[in-house]
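[1] Prediction below, plus the sequence it came from.
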Amino acid sequence: MPLCGSGYYLSQDFLGRGTVWDVSVGGWRIEGDHQVRVGMVLTLRMDLPGEQRPLEVEQAIVQWVSGRDFGVQIRKIRTTAVKRLER
């Protein structure tokens with residue numbers, strides 16, 4: 001399981017912090033400090049090693065939850081963020 005970095009996930013009601021794993025353009029797995037539920041819409045920000053500004057995902061949907069781990073499907077992300085992820 002490759003560790004990719006740390007980040008934040010936001011909803012209208014809370015701000016959670018977590019460790020981001022298994023990053024792809026289609027989705028991420030996050031181990032977080034705030035409970036989420038399937039179907040929640042989140043905004044994601046991940047700190048990338050060696051870069052000053054975080055990578056932002058404008059909209060992600062929670063697909064599954066297992067304890068503190070959850071998976072999100074990326075729904076809305078800027079083209080520049082996709083290029084940064086692919087690097």
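    Right, received. Where do you want to start? Numbers count the residues shown, from 1 in each chain.

[2] Relative to the lengthiest strand in the chain, what are the paired strands and their orientations?
    Longest strand of the chain, by residue count under DSSP state E: strand 55-66. Counting by DSSP bridges, the strands paired with strand 55-66 are strand 41-46 (antiparallel), strand 69-76 (antiparallel).

[3] how about it: buried residues?
    For strand 55-66, the buried set under the neighbour-count rule, 16 or more other C-beta atoms under 10 Å, comprises Leu55, Glu56, Val57, Ala60, Ile61, Val62. No exception for glycine: its C-beta is placed from N, CA and C like everyone else's.

[4] pLDDT check: weakest of those residues?
    Least confident of the buried residues of strand 55-66 in the model: Leu55, at 89.

[5] what's the spacing between the closest residue to that residue other than its chain neighbours and Val57?
    Spatial nearest neighbour of Leu55, chain neighbours left out: Met46 (4.9 Å); criterion: C-beta to C-beta, 6 or more residues apart in numbering. In this view, Met46 and Val57 are 8 Å apart by C-beta to C-beta, to the nearest Å.

[6] what residues do those two have in common as contacts?
    Trp28 (C-beta atoms under 8 Å, 6 or more residues apart in numbering).

[7] in the protein, what spans have low per-residue confidence?
    Within the chain, the ranges that satisfy pLDDT under 70 run 1-3, 87.
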